[in-house]
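with the sequence up front, the predicted model follows.
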Amino acid sequence: MNGHEATTRAIEHASSWRERARATSAAGIQRVEDYFGSDVFSQRTMQQRLPKAIYKQLIRAIEQGDRLSAEVADVVAAAMKDWAVERGATHFTHWFQPLTGQTAEKHDALIAPDSRGGMIYAFSGGDLTQGEPDASSFPSGGLRATFEARGYTAWDASSPAFLIRGENNVTLCIPTAFVSWTSDSLDQKTPLLRSMDAISTQAMRLLKLFGTDDGVSRVYTTVGAEQEYFLIDKFLYYARPDLVVCDRTLFGARPPKGQQLEDHYFGSIPPRVLAYMAEMESELYRVGIPVKTRHNEVAPGQFEIAPTFETANIACDHQMLVMETIKRVAPRYGFIAILHEKPFAGLNGSGKHNNWAMSTDTGVNLLDPRDETHTNMQFLVFLCGVIRAIDLHADLVRASIASAANDHRLGANEAPPAIISIFLGDMLMDIVEQLEQGKPSRTIKGGTVDLGALSLPSIPRHSGDRNRTSPFAFTGNKFELRAVGSSATAAWPNTILNTIVAESLDYLATTLEKEAGKNPTPAKLETAVRKVLKDVIKEHKRVIFNGDNYSEDWHKEAEKRGLPHLRDSVRAIPVLSQNKNISLFKKYKVMNDAEVKSRANIFMSRYVDQLLIESEQMVVMGRTMILPAALQYQQRLASAIKATMDAGVDCKDSKSSLEHFVDLVQRFNVALTSLQEADNYRHDDPVKTATWLKDDVMPLMNRVRELADELEAEVAADLWPLPSYRELLFIK
């Protein structure tokens, strides 16, 4: 099916999404407070269904880490089973996040034989708390051999169970950790939970020093992850083997109109897209995900959904559900959702802006500067802890966002560069400079903006601007890690952030305890804080940059400052295995040696596999689709010229055009052959293979694409076998 046929079918099929939208609208949403979280076994639901003593034990297990007895687990399991069955569930699954970057599930029936020829509903505490999936087929990075197959899933009681509804099925999903028989983590959740424990322990030490720990038993990190994605008409999508196999276009000539008019960002949402968004949000509301914002993004066909913040592990679980729901609902409206970081060359790619903060279990945001920020010593300590962490461990932050897909967008005018730096804004930068001098004495105020019209109000002005080019920007009461890839799990970068900040808070708490004592007077503590923060700022202010991160001047300046510039994943991923980083994870009990090294191996192997798949797919498409179309057009052109010459008409210019085209086809064929031959190389060491792919194969792929895109601009549209960018981006 060529692009034009796909376009026709897409238009003919348009009525189905309208019917779906009308049905969704007719069903409506119940009162929000009743509908929201209706498919979640929430704390409110547990409180209603569990005996009071059992509920209290479960809450202590969730909030304080108390172990649940088998008897308590049985009662909780019975209540969860009854709740799920009442809502139509027939199966349950331990829902976990292996190191594939996706989620995994194995469904078991909620019924069992009753030994009398009948069936009963059966779901025990053992079924709830532990499962045993085969671990041999998941990536382990050397942690387990193929024949060492045993693995366990363990219930994460802090993340509520939920229901997933299909067309004719309902499944109870229980969020779990996934570990090997040797207790090594094989997932994303386990290190995240450990890192949350680490940062809580160190943050509590600081709160105790400041005397603000009264009633506080734990500090949580919170996350709100914005998600960008593309929508492609499904008939056009299935006509593009590169999108089907690689989730990005390996070929595609630039259309006359792309994003240069800047008219898509925040523009009017197309009706079919809006209908899709409404149903997607309804499904997310049902499983308790607090989505808040939806809008057009910068590139044509690109959109964004954003939730409000939640506790980090729940937010990361919910982020996986958001991505799955985006993709699952899209076909109901004739779309396929693309989460790849760079599906279209020459257009903005997609990211996942990770809004990160620290909060007590009493609801106090430790990164809220308050009004007179220069007097808020506690906030300044936590702020400087983050600054120190990012400076000392910029290499780890860069490694946490590394992937073959994300390499396509980092540093382009759509995403921050690979140099990790911090944006603070005018107000905080002024206070930091005062701290470096020894005693902050003022806080810059934002004032108001007079809009100059009687019918418009004066509006408050923030004390600092925003910086969309910064990888790690302070945005009022949180930090936004803007460099996370759109298809990536949020758990891994948040594990890194939690761990490195825990180390800095540990350093600050230890240093302040030495300077001021463990129970200092307010005056003594303030003196110690000024002295310690002055030293921290002097040593680590190099990581702060409030200017244009895209500029070449900044890249030169960053090099002078000694900031690491890990330009690609081949450079970034191996830093995980450096001794200093292994020691860091071990010290805070986030990961052991083997767990860290396994992730470095897995991430590098995934980089290699993704590029090999893309290069092989490029060869297949070039040989079986593009080259035949080009030769067919060449034959058509030659036949037309011959017929013209036979008629006695001069066609010198046409002959020149044919010669140019024949030369282009030959150059494409040569480049394709070179890529095909290069694909035969393999090396046992993933790092050496990755380096070869980056240095030798990717330039060949770029050359093949460049020539193919030239061919697309010349071959007749009815012969070109692939839907064009114009069709992919603008048919909605």
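Nice, thanks for sending it over.

all contacts plus neighbour counts: C-alpha atoms, from now on.
Noted.

with just CA atoms, put stretch 523-535 into CSV.
Below are the C-alpha coordinates for stretch 523-535, written out as CSV (Å, rounded to 0.1, in the frame of the first residue of the first chain):
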residue,chain,number,x,y,z
ALA,A,523,22.4,30.8,66.7
LYS,A,524,25.1,28.2,66.6
LEU,A,525,23.4,26.3,63.9
GLU,A,526,22.9,29.4,61.7
THR,A,527,26.6,30.2,62.1
ALA,A,528,27.5,26.6,61.1
VAL,A,529,25.1,26.6,58.1
ARG,A,530,26.6,29.8,56.7
LYS,A,531,30.2,28.5,57.0
VAL,A,532,29.4,25.1,55.5
LEU,A,533,27.2,26.4,52.7
LYS,A,534,29.8,29.1,51.8
ASP,A,535,32.3,26.3,51.3
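
run the chain-centre distance for that stretch.
Mean-position distance between stretch 523-535 and its chain equals 38 Å (C-alpha atoms, centre = their mean, to the nearest Å).

buried residues in that stretch?
525-526, 528-534 (16 or more other C-alpha atoms under 10 Å).

then stretch 325-337?
For stretch 325-337, the neighbour count (16+ other C-alpha under 10 Å) marks 325-327, 329-331, 333-337 as buried.

between all of those residues, which two are separated the most?
Thr325 and Gly334 (14.8 Å; C-alpha to C-alpha).

number of residues surrounding Asp650?
A count of neighbours around Asp650, defined by other C-alpha atoms under 10 Å, yields 12.

SS state for it?
Following DSSP: H, G, I helix; E, B strand; the rest coil, the label given to Asp650 is coil.

and the pLDDT at it?
pLDDT for Asp650: 86.

chain neighbours aside, what residue packs nearest to it?
Counting by C-alpha to C-alpha, 6 or more residues apart in numbering, Thr644 is the residue found nearest to Asp650 once chain neighbours are left out, at 7.6 Å.

now the helix or strand containing the one you found - C-alpha only, CSV.
Element membership of Thr644 [criterion: DSSP states H and E] is helix 627-646. C-alpha atoms of helix 627-646 as CSV (Å, rounded to 0.1, in the frame of the first residue of the first chain):
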residue,chain,number,x,y,z
LEU,A,627,15.4,0.7,-4.8
PRO,A,628,12.6,-1.0,-6.8
ALA,A,629,10.5,2.2,-6.8
ALA,A,630,13.5,4.2,-8.0
LEU,A,631,14.3,1.8,-10.8
GLN,A,632,10.7,1.8,-11.9
TYR,A,633,10.7,5.6,-12.1
GLN,A,634,14.0,5.4,-13.9
GLN,A,635,12.5,3.1,-16.5
ARG,A,636,9.4,5.4,-16.8
LEU,A,637,11.7,8.4,-17.3
ALA,A,638,13.9,6.6,-19.9
SER,A,639,10.8,5.3,-21.8
ALA,A,640,9.4,8.8,-21.9
ILE,A,641,12.7,10.3,-23.2
LYS,A,642,13.1,7.5,-25.8
ALA,A,643,9.5,8.1,-27.1
THR,A,644,10.2,11.9,-27.2
MET,A,645,13.4,11.3,-29.2
ASP,A,646,11.7,8.9,-31.5
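
regarding this structure, what is its longest helix?
Determined from DSSP state H, the single longest helix within the chain is helix 593-621.

packing partners of it?
In this structure, helix 593-621 packs against helix 241-246, helix 404-407, helix 579-587, helix 652-678, helix 686-692, with contacts taken as 3 or more C-alpha pairs under 8 Å, 6 or more residues apart in numbering; DSSP states H and E.

from the buried residues of stretch 523-535, which ones fall inside helices?
Among the buried residues of stretch 523-535, the residues falling in helices (DSSP H) are 525-526, 528-534.

in contact with Ser293, which residues?
Just so we're on the same page, residue 293 is Thr rather than Ser. Thr293 makes contact with 304-307 under the criterion C-alpha atoms under 8 Å, 6 or more residues apart in numbering.

can you do 6 Å?
305-306 (C-alpha atoms under 6 Å, 6 or more residues apart in numbering).

swap in Gln635?
By C-alpha under 6 Å, 6+ apart, the contact set of Gln635 is empty.

any idea how far it lies from Ala647?
With distances taken as C-alpha to C-alpha, to the nearest Å, Gln635 is found 18 Å from Ala647.

report the buried residues of stretch 655-674.
655, 658, 661-662, 664-665, 667-669, 671-674.

pLDDT check: weakest of these?
Minimum pLDDT for these is recorded at Lys655 (89).

nearest residue to it in space, please, no chain neighbours.
Leaving aside its chain neighbours, Lys655 sits nearest to Ile641 (6.9 Å; criterion: C-alpha to C-alpha, 6+ apart).

roughly how far does the one you found sit from Asp134?
Ile641 is 65 Å from Asp134, by C-alpha to C-alpha.

quick one, what contacts the most centrally placed residue in the chain?
Nearest to the geometric centre of the chain sits Ala488, at 3.8 Å (C-alpha atoms, centre = their mean). The contact partners of Ala488, taken as C-alpha under 6 Å, 6+ apart, number zero.

wasn't it part of a strand?
No - Ala488: not assigned to a strand; according to three-state DSSP it is coil.

start at 729, not 1
I'll keep to 729 as the first residue from here, and by that count the last item is Ala1216.

pLDDT value on it, please?
According to the prediction, Ala1216 has pLDDT 96.

now it, what are its backbone angles?
phi -80, psi 150 (degrees, to the nearest 10).

from Gly829, how far off is it?
Ala1216 sits at a distance of 7 Å from Gly829 (criterion: C-alpha to C-alpha).

ok, back up a step: and Ile1369 and Asp862? Which one has more around it.
More crowded of Ile1369 and Asp862, by other C-alpha under 10 Å: Ile1369, with 19 against 14.

check the gap between the more buried one and Leu1400 for me.
Distance of Ile1369 to Leu1400, computed by C-alpha to C-alpha: 28 Å.

equivalent analysis for Asp1374, please.
In this structure, Asp1374 and Leu1400 are 35 Å apart, going by C-alpha to C-alpha.
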